[in-house]
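[1] coords please:
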Amino acid sequence: MELMDVIRKRRSIRKYKPDPVPEEEIKYILEAARLAPSWANTQCWHFVVVTDPAIKEKIAQAGNGNKWIRRAPLIIVACADPEKPGMRDDIPNYLVDMGIVVEHLILAATDRGLGTCWVGAFREDQIKEALGVPKNIRVLECIPLGYPAEEPPARSRRKLEEIFSYNRYEQK
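    From the prediction side, this is the model:
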């Protein structure tokens, strides 16, 4: 697909077919994430690919009402070392880096006909315990992944003219 087609096609998928995701597709998606830029090339990320039903259940239980997540064939848990990239003023760089890397992952999945949903509502301590994540590492996102069993319509977006200005900030 062309990039803009992939971007327009991406949806938050919450219903998945039970079909397993082939290993080569998982690696394609993770390779797209691996190639993401990061602050000073620190690459603060680590991904845990969860396929074990018992662990997926623990993630679902930690999910603040997102119990549907257990039905995805797999869940990619995005972790970050917040110390690697440091801070810019009062902004932790790892948060920006993780936004970029997760979006690479999600767009690569869309390109391959797979569905995802960016899930950030969960009890981090429970997921860390379920996955054996060290104390100094943050769990930022859980991304269910699988073949979509739904086609949600596109959500509305503001007009292009409303979201930018030249040379000075101007709210329209």
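[2] please count neighbours and contacts with C-alpha atoms only from this point.
    Fine.
[3] strands of this structure, start to end?
    45-50, 74-80, 87-88, 91-92, 115-116, 138-146 (DSSP state E).
[4] what sits up against the longest one?
    Strand 138-146 is contacted from outside by 16-21, 69, 72-82, 98, 109, 114-120, 124, 127-128, using Cα atoms under 8 Å, 6 or more residues apart in numbering.
[5] write the PyMOL selection for whichever of those residues are buried.
    Entered in PyMOL, the line below selects the buried ones among the contacts of strand 138-146, by 16 or more other Cα atoms under 10 Å:
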select buried, resi 16+21+69+72+73+74+75+76+77+78+79+80+81+82+98+109+114+115+116+117+118+119+124+127+128
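[6] how far is stretch 103-121 from where the chain is centred?
    On the basis of Cα atoms, centre = their mean, to the nearest Å, stretch 103-121 sits 6 Å off its chain's mean C-alpha point.
[7] in this structure residue 37 contacts residue 100, no?
    Yes - Residue 37 is within contact range of residue 100, at 7.4 Å (criterion: Cα atoms under 8 Å).
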